[in-house]
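Q: got a predicted structure here, sequence first:
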Amino acid sequence: MTEHDSLPPDRRDADSLPPDERDAGAPPDADAGGSGDDVPDAGTTGEGTPSASPGGSMSGAPAEAGPAADPGTSSEGATAEGTPLLSVEHLRMLFPIKAGLLVDRQVGQVHAVDDVSFALYEGETLGIVGESGCGKTTLIRVLVRLLDATSGAIRFRGRDITRSGRRELAPIRREMQMVFQDPQASLNPRKRVGQILATPLRLRGVPREQVARESRELLQRVGMAGDVLNRFPHEFSGGQRQRIGIARALAVDPRLILLDEPVSALDVSIQAQVINLLDELQDEFRLSYVFVAHDLSVVRHVSDRIVVMYLGKLMEVSPAEQLYSKPIHPYTQALLGAIPIPDPRVNRSRQRAVISGEPPNPINPPSGCRFHTRCPHATEVCRTIEPPLTEYAGGHLAACHHPQNVTAGEVAAATRSDQSPLSAGAEGPSLIAAGDGRETSATAPVQR
Amino acid sequence: MSATEPPLLEISDLRVAFATEDGTVQAVDGVSFTVSRGEVVAIVGESGSGKSVTAMTLMGLPRGSNATFQGTATFDGTELVGASDEQLRRIRGAGIAMVFQDPMSSLDPVYRIGDQIVEQIRAHERKISKAQALDRAVTLMERVGIPRAAERLRSYPHEFSGGMRQRVMIAMALSCSPKLLIADEPTTALDVTIQAQILEELRKLRDETDAGVILVTHDLGVVADIADRVIVMYAGRVVEQGVLDDIFYDPQHPYTWGLLGSITRIDSDRSQRLPAIPGMPPSLLSPPKGCHFRPRCPHAFEKCVEVPPLEGHVANRPESLDRCWLTEDRKRALRQVDGQVGLRSTEPVIS
């Protein structure tokens, strides 16, 4: 058994994946490989081909799109820390609900992702957590353009890709790859491992005669024996299949990998192996990750910052440690309280706030704060006014009128984040919780 | 749990094998344990460890002609292994009830929830009228925390969320006041907030009815939350069993160390890499000779090619049993990895 732990870190050195090869033109025969089958969305969404379309033009390399390349975009988003690798501004994804026998009438909308803004910086791991139906999977499907956003903007290195066509997206898709939850469903059962890895390698411009060698190196890098190129996905266990999925994502030498519940289908002991592998790959290739999971303990282990979503909205955005040591939003507290700790003594001694009920229907979400129907601290203001995202010290954001674990001073020092939803009220928590006036209202005009 | 009372369920040397085209799969290989009234026994293990097959066998569910059973499982005086359909039918429901992992595939999508619960009640109690059964269904649904129960009797399973469906499954399992409830991964498909609610229901049920509960799970957090005793299974065998706290704070088997070491926790330091268990579980078609964990165990030595017996090795703790050849002192020394219980992460010694 080859273990990834035993691999020397310099296993894949100089010539294996030179980053500048990303700019090489696509091989002329690349589209003969039936790319639609090997790309990760097969069978899961039924629309779009996420991987690079193998058209000839690869000239629009993303690096040349400087910060704020697009005119007419807003002033917010990228700030002091330079251009984020990926930023999202007021992104909405609403799914129409149709009814009617002869004419499709739209009778409602599912608010899957509703005015979400955040940024991801180079080398960072952003965790996204929330219960099922909170929109976390929809969000990353929108990010890789498997779904087209209803409104809002997605920027990759400052360049707006929200409406880019296939050809424009091709070079970006080589930088932005996805690993799916179910490795069984996201690997084509009729293709051998060698073929699965060859397609993205050829797209990257690896000469045909080197593909096999590079495939073997990729497999070894993800902790598998290199001699399995002729096997089919069903011959592997779940953990190994997930490693193949990761190898496929790595094949195009991406900068950013979006991981949709990458370990939740795996056994615990295998989970730990895959998490460690992701950690090592990040260090080695300076990858950025967006890591979606419902398991808060896994997310804590891998993330630098964590986004908590509920019914399509951001509840809290926090540096990983702070989210657990000092959760501000009552929903985050409830989520953390619901997790049993695998330590009987700790488990018995801790106070747990178990929330009752279930998430409301996203077709008709609650007014004001979406969590107010289950929140133990909810008051009248929560029912009527949507709380803005408020920025507390240390880059900790929370959208709550009644923040927890913060002092009156911290509330007074907090400012309204420009990532707040457009529909949010102007008043941050300080006016309600602490009752003292503050100067930030000038920077936070009502945007109703 | 008085000492004189016989256990509710006593399993002794249970073996289940499935004949397949590729050979015989020994899914359960000599499993023995007991469950008493009012006790929650958790069976922990990875996929393929035989935990679900053990649970299913108690309900007489693996009935295929390719399955062979050996050993005994005595429930409340009745032998379950080799019982006739008629005998099993009498035990199912009022004796042993089961809650499955996936509530969507265990409810019939074309029948109303109420009708399914009523059918279950009337199948086991012929004398009860339909109206009485409906009343009972409402009471049961209220008891497991389904709001507006009377209205929701008329709903179909697809109108319920995953958590609500699992509550319906528990309500159905409770309909005949079982003495033993087998819950096979009851919360795996659910969100954490709903999981906490369902575990609370199970705990309440145990307290109110004094039923024994077998909880099959792979989640050690859930185990720590609700179990009284723990059985750790690996590749068809029980490798360790004991009282909850002993398993977590004084684990005897290297596999248990590895399990405890490889879990992510929301309350632990997150700086270091997770100590993972190397390799993969063996194929049950051709399990390794001797201890099944040997190929993955960094502490394996010559003696491990013989199957270790499930025995007590800890002084003054007769309820702690494990299958490992290492001496107790060696175990205490070897299991400390960076100040915590874990499995030293090196390549396996024998492969």
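A: Looks like it arrived, so ask away.

Q: which residues in the chain form strands?
A: Went with chain A since none was named. In chain A, the strands defined using DSSP state E lie at A:86-99, A:105-120, A:125-129, A:151-156, A:159-160, A:176-179, A:256-260, A:288-292, A:305-310, A:313-319, A:390-392, A:396-398, A:415-416.

Q: you answered for a different chain; I wanted chain B.
A: Using DSSP E, strands in chain B cover B:9-20, B:23-35, B:40-44, B:67-75, B:78-79, B:96-99, B:180-184, B:212-217, B:229-234, B:237-243, B:321-322, B:336-337, B:340-341.

Q: contacts only, for residue 92.
A: The chain I'm using is chain A. Shown in contact with A:Arg92 (CB atoms under 8 Å, 6 or more residues apart in numbering or on different chains): A:His111, A:Val113, A:Asp114, A:Asp115, A:Val116, A:Ala149, A:Thr150, A:Ser151, A:Gly152. C-beta: built from backbone N, CA, C; applies to glycine.

Q: please refer instead to chain B.
A: By CB under 8 Å, 6+ apart, the neighbours of B:Arg92 are B:Met59, B:Gly60, B:His124.

Q: ok, residue 114 - contacts?
A: Defaulting to chain A. A:Arg92, A:Leu94, A:Gly135, A:Leu311, A:Gly312, A:Lys313, A:Pro365, A:Pro421 are the contacts of A:Asp114 under CB under 8 Å, 6+ apart.

Q: not quite, I wanted chain B
A: B:Leu134, B:Ala137, B:Leu153, B:Arg154.

Q: the closest residue to B:Phe18 other than its chain neighbours: how many residues sit nearby?
A: The shortest distance from B:Phe18 to any non-neighbouring residue, by CB to CB, 6 or more residues apart in numbering or on different chains, is to B:Val25 (4.7 Å). Neighbourhood size, B:Val25 [other CB atoms under 10 Å in any protein chain shown]: 21.

Q: do the same with the one 10 residues further on
A: Residue neighbour count, defined by other CB under 10 Å, stands at 25 for B:Val35.

Q: pretty sure it contacts B:Ile214?
A: Yes - using CB atoms under 8 Å, B:Val35 and B:Ile214 qualify as a contacting pair, with a distance of 6.0 Å.

Q: give me the common contacts of the two.
A: Counting by CB under 8 Å, 6+ apart, the residues touching both B:Val35 and B:Ile214 are B:Leu9, B:Val41, B:Leu180.

Q: so the first one bridges to which residues?
A: This points to B:Leu9. Beta-bridge pairing of B:Leu9 under DSSP bridges involves B:Val35, B:Phe75.

Q: give the buried residues for stretch A:409-427.
A: Going by neighbour count (16 or more other CB atoms under 10 Å in any protein chain shown), the buried part of stretch A:409-427 is A:410-412, A:414-421, A:424-427.

Q: which one among those gets closest to A:Phe180?
A: Relative to A:Phe180, the closest of the buried residues of stretch A:409-427 is A:Gln419; by CB to CB it sits at 27.7 Å.

Q: returning to what we had before: inside helices: which ones of the contacts of B:Arg92?
A: With helices taken from DSSP state H, the overlap with the contacts of B:Arg92 comprises B:His124.

Q: mind checking which of the contacts of B:Arg92 are buried?
A: Using 16+ other CB under 10 Å as the burial test, the contacts of B:Arg92 include B:Met59, B:Gly60, B:His124 as buried.

Q: list the contacts of B:Pro308.
A: So B:Pro308 contacts B:Gly290, B:Cys291, B:Arg323, B:Cys324, B:Trp325 (CB under 8 Å, 6+ apart).

Q: apologies, that question was intended for B:Gln87.
A: When contacts are counted by CB under 8 Å, 6+ apart, B:Gln87 is found next to B:Thr78.

Q: look up how far A:Ser318 lies from it.
A: 58 Å (CB to CB, to the nearest Å).

Q: and B:Lys51, by the same measure?
A: B:Lys51 is 37 Å from A:Ser318, by CB to CB.

Q: A:Pro340 too?
A: 22 Å.

Q: A:Arg190 now?
A: 44 Å.

Q: ok, those two, which is more surrounded?
A: A:Ser318 (26 against 9).

Q: quick revisit: quick one: which of the contacts of B:Arg92 is nearest chain A?
A: Nearest to chain A among the contacts of B:Arg92, counting by CB to the nearest CB, is B:Met59 at 24.2 Å.

Q: phi and psi next, for the closest one.
A: Per-residue torsions, B:Met59: phi -90, psi 0 (degrees, to the nearest 10).

Q: what sits closest to it if chain neighbours are left out?
A: B:Met98 (5.4 Å).

Q: next, count neighbours for that neighbour.
A: 24.

Q: same thing with B:Met104?
A: When neighbours are defined as other CB under 10 Å, B:Met104 has 14 of them.

Q: and it, what pLDDT?
A: In the prediction, the pLDDT value recorded for B:Met104 is 75.

Q: for the contacts of B:Arg92, give me a markdown table that also has pLDDT and distance to A:Pro387.
A: As requested, those are exported to a markdown table (pLDDT from 0 to 100; distance: CB to CB, whole Å):
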| residue | pLDDT | distance to A:Pro387 |
| --- | --- | --- |
| B:Met59 | 86 | 50 |
| B:Gly60 | 84 | 55 |
| B:His124 | 82 | 51 |
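
Q: now, which of the contacts of B:Arg92 sits nearest B:Ile263?
A: Nearest member of the contacts of B:Arg92 to B:Ile263, counting by CB to CB, is B:Met59, at 29.5 Å.

Q: the chain: helices as residue ranges?
A: Defaulting to chain A. A:35-38, A:136-143, A:166-175, A:193-203, A:208-221, A:238-250, A:268-285, A:296-302, A:320-325, A:330-338, A:344-349, A:380-384, A:408-413, A:429.

Q: wrong one, chain B
A: All helices of chain B, identified by DSSP H, fall at B:51-58, B:85-91, B:103-106, B:113-124, B:130-143, B:149-152, B:162-174, B:192-209, B:220-226, B:244-249, B:254-262, B:328-334.

Q: list the residues that contact whichever residue of the stretch 51-200 of chain A sits closest to chain B.
A: Closest residue of the stretch 51-200 of chain A to chain B, CB to the nearest CB: A:Glu131 (4.1 Å). Contact analysis of A:Glu131 by CB under 8 Å, 6+ apart lists A:His294, A:Tyr310, A:Leu335, A:Pro359, B:Asp191, B:Val192, B:Thr193, B:Ile194.
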